[in-house]
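[1] following is a predicted model, sequence given first.
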Amino acid sequence: MKKFNKEKRVDAHKKIAGEEKYVSDLNVSDKLIGATIRSEYAHAKIEEIIFAQDFDWDDIVIMIAADIKNNYVAMIEKDMPFLAKSIVNYIGEPIVLLAAKNRKKLDEAINNIEIKYETLEPVLTFDEALSAAENKDDLIFKQMQVKRGNFSTAVKRANFIIEDMVETSYQEQAYMEPQGVIAIPKNNDKIEIRGSIQCPYYVQNAMDQLFADTDIKINVNANPLGGSFGGKEDFPSLISGHAALLAHKAQKPVEIIYDRKEDIKTTPKRHPSRSEFRVAVNEEGRIIGLEVKLSINGGAYCTLSPVVLERAVLTFGCYFIENICIDGYALKTNTVPNAAFRGFGGPQALFAAEMMIEKIAMELNLTPLEVRQINMLKFGDKLETGQPVNYSFGLPECLQNVLHKSNYIKKYKEFKKFNIENSAEAGYLKGIGMSLARHGGGFTGSGENYMDTVAAMELLQNGKLKIITAQTEMGQGVDTAYKKIVSDFFELPYSQILIENKDTSKVPNSGPTVASRSTMVVGKLIVDNCEKIKNKVLEEQDDLSEFTKKAVDYYKTNGKLKVESTYKHPDFVKYNEKELTGYAYPVFSWSANVAEIMLNLTTYEIEVTKYFTSQDIGRAINPQQAVAQIEGGTVQGIGYALFENMYTQKGQIVNNGFIDYIIPSIMDVPEIEADIVEESYFYGPYGAKGMGELVLVGVAPAIASALINATNKLTRKIPSTPEYIFKLLEE
Amino acid sequence: MNITFNLNNKETTVKVDPRQTLLQTLREDLQMLGTKKGCGKGECGACTVFLDNKIVNSCLIPIKQVENRKVITIEGVKRTKYFSKIQKAYEDSGAVQCGFCIPGFVMATVDFLKNITDKCDISDEEIKIALSGNLCRCTGYIKIINAVHTLLAQDLEIPEEII
């Protein structure tokens, strides 16, 4: 076979030429534009919606809650309505939908609607939510506990009891392409949804429930996404419902594409969190007991908060802790509902765990590396759920790599010396910090086994193979990874391999494109399908050189060949979801990270100057794009650590766009040295495991650790803005 | 009202509201869809085009201001000889993920390569400054910087008139 660059992305060529068709490029004729009228109050009773009598409403399509029979967005719970009926629970909650021929007409209509409210007492802050939740259970979406051993006996044996509290703020996904869908009605009884949709079958399920008891059939077709990072996991179900309701009523296509301000103010974000920890440590610095109360702010509706919380409580660091009790709470507040964002609870928990290590180091006068080394998981150790770490465990190698490359030990001392002797003159402090991180591949617990994930593959007349899954291309490179898996298997060029559109009428439900599962779980099914096709076409022979010729012959003789495979975890992967014990994930990916920073003593600005990371992701299917993920995740993590500062005032998100929600620009990029450790996972495709989220989760704690090296104060909050650092140094 | 301007070397007349933006005109009235809308406020650079051979955020330019002037979009640039080299450099460097910001980065890259006199010893810092008007959320920018370094080594000829 002619050699070709298999790492080159299959979608890059047209994207560079501006030829990729995102949802806003679909150019559907005769469409209407949809708009959403939203609550101005965080908590209120809707008294009346007044449509001005002297306005001509003839050309305007209107929907209110009373028009919707099954007025709930199907997700984990059914608590979130498509449109608020009598009570609004957050600023920005949809109340009225409108559609019109053009924006001008729409704006006129919006100005002729008035909503009267009776305001109610909102629950807005962590403090309010935590104290309210003590008396009212319905302010907790989910409560769960991971427990092993006995914390109070550990306390008796301990030499030190160390307590503290750390907080993480919102993070906005800030995909470059805003949320958008278009609903296209066909023949009165069909609606096609096209859009920037991460998980087409989530939307399918939500639409099936919305239109249950009607003759309307829905299909969902996910366009290539202009970024998502989790932000288009659950939310497209809401906005697709809006477009579909309007389109069905109008019997015309309806497009809803958010502008940046609407997107930033009303769509889900990373959950703010608060972790209060009490840790029992012996005189050597070994953690013998840990008690954590970890709370996340879920916002006004449940969305995915219970599963975000579950991943958070199951990701508390990379340390062996014999006696441990983590209590997790997902709290309800009158703020925008929060949901999925790359890492999915992991970043919050890992920040708290790593700051706990730093605090122990400060109290015991040890180095942060020493405390990590004393407590780090060893091969064969059991995690808090009882799951042993006895395969695909590359963490020790990652740590060794990153220490070696960064020269951490030497610089740690040098920087401290510099800060004492030279910083005043230089005008800045230097810092070097580190973190250890893990991320479980696939859904938490038994999720994958419940899913019955199915992927298909078809042999076409010309001997080409078509990969058929619901996994969407949102920039992560799944289309390229899948083609490479098949190409490697059959030694075929990419031109012989096709990928089916991510259209629910054409692809089986291979599960959502989330949880670092697309390569690990669905990729495995692709290998299984390759095996099945090979066995049919080559009849157990191993000579692949004539595959295409034999495939054409096979088709001539036998006709179409379509195979399917269904995913099941390895047999021993069992999880008790009541007790939170057993295998929380079939495998973990691991990373060790070192960040170097400079802290300007005049402006308190922090610059990340160097970043070293070593990541165990199993076999890298596409090494170039694996590194690209690491670089992208690192830079996103720098934003999370330092300057992506989103907050609410009286329940209102204050940020309006990229002018006041600062995501990293090209000027903020440090030198990044990344390496990949390939600790093979026996059950993944060619040994691969998850990586898309791992790349982000360790970044913020490494930077916070570097800040501690610079300031000698515990970093209790991210983003660590100049204002925060100023206050910290003034303490 | 009717507005006439030169779009990718073609005299173009559109009937539009003079207050609407160049971006809106390109995308909605002319179906030139390669130019993307990321923010609509001049913050992200996804809508970068050339106006009289200088890069601008097309979302900030009222269409009336474009009258009798020259606009070049990605659709124009992609027809040039040098574009295939830019395309290859971005592809080979692995500089593209979701791709939504990339046409904007291509325009900024063309502008940088056109204006630079001495292509030897260009630092990362100079490339960063040149591309600092464009945001990308996926790549972490490093592979984009690598792509530009590759192009600097190739001595591309970009005409004063871009296309």
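    The structure has been received and is ready for your questions. Numbering: from 1, shown residues only, chains lettered A, B, ... in the order given.
[2] pick out the residue nearest the middle of chain B.
    Within chain B, one residue has its C-alpha closest to the average C-alpha position: by Cα atoms, centre = their mean, that is residue B:107, at 2.3 Å.
[3] please, which helix or strand holds it?
    Using DSSP states H and E, residue B:107 falls within helix B:102-115.
[4] quick check: mean pLDDT of that helix?
    In this model, helix B:102-115 has a mean pLDDT of 98.
[5] which residue does chain A have closest to chain B?
    Proximity of chain A to chain B (Cβ to the nearest Cβ) peaks at residue A:18, 2.4 Å away. Using the backbone N, CA and C atoms, a C-beta is placed for each residue, glycine as well.
[6] for whichever residue of chain B sits closest to chain A, what are its contacts?
    Across chain B, no residue is closer to chain A than residue B:34, which sits at 2.4 Å (Cβ to the nearest Cβ). Contact analysis of residue B:34 by Cβ atoms under 8 Å, 6 or more residues apart in numbering or on different chains lists A:17-19, B:73-75, B:78, B:103.
[7] next SSE downstream of the helix holding residue B:107?
    Once helix B:102-115 ends, the next helix or strand along the chain (criterion: DSSP H and E) is helix B:124-130.
[8] and that next one, how far out from the chain's middle?
    For helix B:124-130, the separation from the chain centroid amounts to 16 Å (computed by Cα atoms, centre = their mean, to the nearest Å).
[9] for it, name the packing helices and strands.
    Contacts defined by 3 or more Cβ pairs under 8 Å, 6 or more residues apart in numbering or on different chains; DSSP states H and E place helix B:124-130 against helix B:102-115, helix B:142-152.
[10] let me see the backbone angles for the residue nearest to residue A:30 when sequence neighbours are not counted.
    Leaving aside its sequence neighbours, residue A:30 sits nearest to residue A:252 (Cβ to Cβ, 6 or more residues apart in numbering or on different chains; 6.1 Å). When quoted as degrees, to the nearest 10, the phi and psi of residue A:252 stand at phi -140, psi 160.
[11] thought residue A:252 was touching residue A:183?
    No - under the criterion of Cβ atoms under 8 Å, residue A:252 makes no contact with residue A:183, lying 9.5 Å away.
[12] now do the domain split for chain A, please.
    For chain A, the structural domains run A:23-120+A:173-266, A:273-443+A:579-730, A:453-566, going by automatic domain parsing.
[13] tell me which of these sits most buried.
    Counting by mean count of other Cβ atoms under 10 Å in any protein chain shown, domain A:273-443+A:579-730 has the highest mean neighbour count of the domains of chain A, with a mean of 22.
[14] that domain near chain B anywhere?
    Yes - applying Cβ under 8 Å from any Cβ of the partner chain, one finds that domain A:273-443+A:579-730 is in contact with chain B at A:624-625, A:627-628, A:631-636, A:657-659, A:663-667, A:669, A:672.
[15] average pLDDT for stretch A:292-308?
    Looking at stretch A:292-308 alone, the average pLDDT works out to 98.
[16] mind checking the end-to-end distance for it?
    17 Å (Cα to Cα, to the nearest Å).
[17] circling back to that earlier point, chain neighbours aside, what residue packs nearest to the residue of chain B closest to chain A?
    Once flanking residues are discounted, residue B:34 sits nearest to residue A:18: 2.4 Å by Cβ to Cβ, 6+ apart.
[18] now the domains of chain A in JSON lines, with distance to residue B:92?
    Listed next are those as JSON lines, based on distance: least, Cβ to Cβ, whole Å:
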{"stretch": "domain A:23-120+A:173-266", "distance to residue B:92": "21"}
{"stretch": "domain A:273-443+A:579-730", "distance to residue B:92": "9"}
{"stretch": "domain A:453-566", "distance to residue B:92": "14"}
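[19] picking that back up, I'd say the residue nearest to residue B:34 and residue B:78 touch.
    Yes - here residue A:18 reaches residue B:78: they are 7.0 Å apart, a contact under Cβ under 8 Å.
[20] compare the two (neighbour count), which wins?
    For the pair residue A:18 and residue B:78, the greater number of neighbours falls to residue A:18 (23 against 20), based on other Cβ atoms under 10 Å in any protein chain shown.
[21] what about that one, helix or strand, and which?
    Taking DSSP H and E as the definition, one finds residue A:18 inside no helix or strand.
[22] can you list phi and psi of it for me?
    Recorded main-chain torsions at residue A:18 are phi 70, psi 30, according to degrees, to the nearest 10.
[23] picking up where we left off before, got a list of what the residue of chain A closest to chain B touches?
    The neighbourhood of residue A:18, defined by Cβ under 8 Å, 6+ apart, consists of B:33-36, B:73-75, B:78, B:102-103, B:106.
[24] mind pulling up the pLDDT for it?
    Each residue has a pLDDT score; the one for residue A:18 is 98.
[25] contact partners for residue 16?
    Let's take chain A. Shown here is residue A:16, whose contacts under the criterion Cβ under 8 Å, 6+ apart are B:86-87, B:90-91, B:96, B:99, B:102-103, B:106.
[26] was after chain B, sorry
    Residues in contact with residue B:16, defined by Cβ under 8 Å, 6+ apart, are B:1, B:3, B:25, B:29, B:63.
[27] the third one - that's part of a helix, no?
    Yes - counting by DSSP: H, G, I helix; E, B strand; the rest coil, residue B:25 is found in a helix.
[28] just give me the neighbour total for the spatially closest residue to it that is not a sequence neighbour.
    Nearest-residue entry for residue B:25: residue B:63, 4.8 Å, with adjacent residues in sequence omitted and distances by Cβ to Cβ, 6+ apart. The local packing of residue B:63 (other Cβ under 10 Å) involves 24 other residues.
[29] same question, the one 10 residues further on
    The tally of other residues near residue B:73 (other Cβ under 10 Å) stands at 25.
[30] roughly how far does it sit from residue B:107?
    8 Å (Cβ to Cβ, to the nearest Å).
[31] so who does residue A:572 touch?
    Residue A:572 sits next to residue A:583 when contact means Cβ under 8 Å, 6+ apart.
[32] now it: phi and psi?
    Residue torsions, per degrees, to the nearest 10, at residue A:572 are phi -80, psi -10.
[33] and if you look at residue A:284?
    phi -80, psi -10.
[34] okay but it is in contact with residue A:374, surely?
    Yes - using Cβ under 8 Å, residue A:284 is in contact with residue A:374, at 6.4 Å.
[35] check the secondary structure at the residue of chain B closest to chain A for me.
    Judged by three-state DSSP, the three-state class of residue B:34 is coil.
[36] one more: the one 10 residues further on?
    Each residue gets one of three states, and residue B:44 gets coil by three-state DSSP.
[37] quick one: contacts for it?
    Residue B:44 makes contact with A:176, A:658, B:38, B:101, B:104, B:134-135, according to Cβ under 8 Å, 6+ apart.
[38] if we use 7 Å, what do you get?
    Residues touching residue B:44, when contacts are defined by Cβ atoms under 7 Å, 6 or more residues apart in numbering or on different chains, comprise A:176, A:658, B:38, B:135.
[39] again, but for residue A:46
    If you count contacts by Cβ under 7 Å, 6+ apart, residue A:46 has them with A:84, A:86, A:88, A:95, A:115, A:117.
[40] please, which helix or strand holds it?
    strand A:44-51.
[41] chain neighbours aside, what residue packs nearest to residue B:13?
    Nearest non-adjacent residue to residue B:13, counting by Cβ to Cβ, 6+ apart: residue B:4, 4.5 Å away.
[42] looking at this, the one you found is in a strand?
    Yes - counting by three-state DSSP, residue B:4 is part of a strand.
[43] I'd say it and residue B:15 touch.
    No - Residue B:4 is not in contact with residue B:15 according to Cβ atoms under 7 Å; the separation is 10.6 Å.
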